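A.B. asks: have a look; sequence and predicted model below, questions after that.
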Amino acid sequence: MASSFGHLFRITTWGESHGGGVGVVVDGCPPRLKLTEADIQPDLDRRRPGQSKIVSPRQEADRVQILSGTFEGKTLGTPICMWVKNEDARPEAYSEMKEKFRPSHADFTYVAKYGIRNWQGGGRASARETIGRVAAGAIAKKILRERFGVEILACVKQVQRIVANVDPERVKFSEIESNIMRCPDQAVADKMIRLVEKMRRAGDSVGGIVEGIARGVPAGWGEPVFDKLEADLARAMLSLPASKGFEIGSGFGGIVMTGREHNDPFRARRGKVVTTSNYSGGIQGGISNGQTIYFKVAFKPVATVMHPQNTIDVQLQNTTLKGRGRHDPCVLPRAVPMVEAMTALVLADHALRQQAQCG
């Protein structure tokens, strides 16, 4: 199983959703970085279930412990191991899933691949696996912020057909965190929240788009041709649970423009290279050009709904299955810190690769 990600800044996540706990090993973190659990916990608090009325009610403190790789509050340059204990696991809620495959989950495909699966909450296919990513991402964000001046943000851009007005150049973290939807457009956020609450009461779910933003990335990061910066970002985002689409800069919308309209003209301004537009999304030729990087990630509606659905059992007999347990009616608010984490992991890795190559 491919549970590792990155090259020089490399992570390996481990654990299942209803096992003893979940965690991550971070290899390649530079030494002498000030680091304690207090640097990591805030992002895990933003990811955890039970934080608001529009997410899963599962009650987990998600308190992180650093088991190795630090001494006297600083990184050693050795592998950093972190773990979070599972405290509110209820595997009995999934007993029916032992014999039946949930529609649009990974149940059937895991059996098709491995011949065995952990049916208690989905095992490694559960979004609980992302705890390790978010913990590692918090370290990556700290490196990027303190050593390279890079700011990583993400926010909810769209829920179903409700679209927010977000300016990647100006949006602030405080605006994103001002409401439980994590949408900086407050009037639109209220509409989104009402829709998600409606879906939850109906036993249904809804999807949407998270926008990722990286400001202050210097020109020159990226490794053409196969490790282009946008290619690695796309791989990172599409590895997240429930993700179904990725576009950067103008994305699919750029097809309706002409080349003259779409090109980003270069200008010199106070000794710096800038572009007067940013349809490229801050990346050209697979390499950052010094402008703000922005992209969108589409997340599907949560597959677990509280209504009977057609499916099959492990004997390949037709049957029905009704969703049970505690689930998000919309993954987007909790996906925001996940998108931030994966963005940071990609950029930290490319920052170290650029340093190794060019000094």
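C.D. replies: Looks like it came in fine.
A.B. asks: biggest helix in this protein by residues?
C.D. replies: As assigned by DSSP state H, the longest helix anywhere in the chain is helix 332-358.
A.B. asks: what packs against that one?
C.D. replies: helix 37-47, helix 130-143, strand 151-159, strand 208-215, helix 229-238, strand 293-299 (3 or more C-beta pairs under 8 Å, 6 or more residues apart in numbering; DSSP states H and E). Placement of C-beta: from N, CA and C, glycine included.
A.B. asks: and the contacts of stretch 171-185?
C.D. replies: 46, 51-54, 153-157, 159, 164-166, 186, 189-190, 192-193, 196, 213, 332-333, 336 (C-beta atoms under 8 Å, 6 or more residues apart in numbering).
A.B. asks: these, buried ones only, as a PyMOL selection?
C.D. replies: Command for PyMOL that selects the buried part of those, burial taken from 16 or more other C-beta atoms under 10 Å:
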select buried, resi 46+51+52+54+153+154+155+156+157+159+164+166+189+192+193+196+213+332+333+336
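A.B. asks: okay, helices next: where are they in the protein?
C.D. replies: 37-47, 107-114, 130-143, 173-176, 186-201, 229-238, 259-262, 332-358.
A.B. asks: any chance of those helices in a markdown table with distance to residue 316 and mean pLDDT as columns?
C.D. replies: Compiled in a markdown table, the helices of the chain are given as follows (distance: least, C-beta to C-beta, whole Å; pLDDT from 0 to 100):
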| stretch | distance to residue 316 | mean pLDDT |
| --- | --- | --- |
| helix 37-47 | 37 | 97 |
| helix 107-114 | 10 | 95 |
| helix 130-143 | 31 | 98 |
| helix 173-176 | 46 | 98 |
| helix 186-201 | 32 | 97 |
| helix 229-238 | 30 | 98 |
| helix 259-262 | 50 | 97 |
| helix 332-358 | 33 | 97 |
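A.B. asks: burial count for residue 283?
C.D. replies: 24 (other C-beta atoms under 10 Å).
A.B. asks: from memory it sits against residue 231, does it?
C.D. replies: No - with contact defined as C-beta atoms under 8 Å, residue 283 does not count as touching residue 231 (9.6 Å).
A.B. asks: shaky segments in this protein?
C.D. replies: For the chain, the stretches with pLDDT under 70 are 1, 89-93, 325, 359.
A.B. asks: from residue 167, how far off is the nearest residue to residue 254 once chain neighbours are set aside?
C.D. replies: Of all residues not flanking residue 254 in the chain, residue 262 sits nearest, at 5.5 Å (C-beta to C-beta, 6 or more residues apart in numbering). The gap separating residue 262 from residue 167 is 19 Å, by C-beta to C-beta, to the nearest Å.
A.B. asks: again, but for residue 128
C.D. replies: Distance from residue 128 to residue 167, by C-beta to C-beta: 33 Å.
A.B. asks: compare the two and say which one has the larger neighbour count.
C.D. replies: residue 128 (29 against 11).
A.B. asks: so the more buried one touches residue 21, yeah?
C.D. replies: No - using C-beta under 8 Å, residue 128 is not in contact with residue 21; the gap is 9.7 Å.
A.B. asks: intersection of neighbour lists for the two?
C.D. replies: With C-beta under 8 Å, 6+ apart, residue 128 and residue 21 have common neighbours 15, 86.
A.B. asks: wait, residue 60 sits on residue 51?
C.D. replies: No - applying C-beta under 8 Å as the test, residue 60 and residue 51 come out as separate, 9.9 Å apart.
A.B. asks: next, format the helices of the chain as JSON lines and append distance to residue 96.
C.D. replies: Output for the helices of the chain, formatted as JSON lines (distance: least, C-beta to C-beta, whole Å):
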{"stretch": "helix 37-47", "distance to residue 96": "28"}
{"stretch": "helix 107-114", "distance to residue 96": "11"}
{"stretch": "helix 130-143", "distance to residue 96": "25"}
{"stretch": "helix 173-176", "distance to residue 96": "38"}
{"stretch": "helix 186-201", "distance to residue 96": "21"}
{"stretch": "helix 229-238", "distance to residue 96": "30"}
{"stretch": "helix 259-262", "distance to residue 96": "52"}
{"stretch": "helix 332-358", "distance to residue 96": "25"}
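A.B. asks: out of those, nearest to residue 207?
C.D. replies: Within the helices of the chain, the stretch nearest residue 207 is helix 332-358; the backing value is 7.7 Å (C-beta to C-beta).
A.B. asks: buried sites along that closest one?
C.D. replies: Under 16+ other C-beta under 10 Å, the buried positions of helix 332-358 are 332-354.
A.B. asks: one more: stretch 209-225?
C.D. replies: 209-215, 217, 221-223.
A.B. asks: now render those as JSON lines, adding distance to residue 309.
C.D. replies: As requested, the buried residues of stretch 209-225 are exported to JSON lines (distance: C-beta to C-beta, whole Å):
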{"residue": "209", "distance to residue 309": "25"}
{"residue": "210", "distance to residue 309": "26"}
{"residue": "211", "distance to residue 309": "31"}
{"residue": "212", "distance to residue 309": "32"}
{"residue": "213", "distance to residue 309": "37"}
{"residue": "214", "distance to residue 309": "39"}
{"residue": "215", "distance to residue 309": "43"}
{"residue": "217", "distance to residue 309": "44"}
{"residue": "221", "distance to residue 309": "45"}
{"residue": "222", "distance to residue 309": "43"}
{"residue": "223", "distance to residue 309": "44"}
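A.B. asks: fine by me, thanks again.
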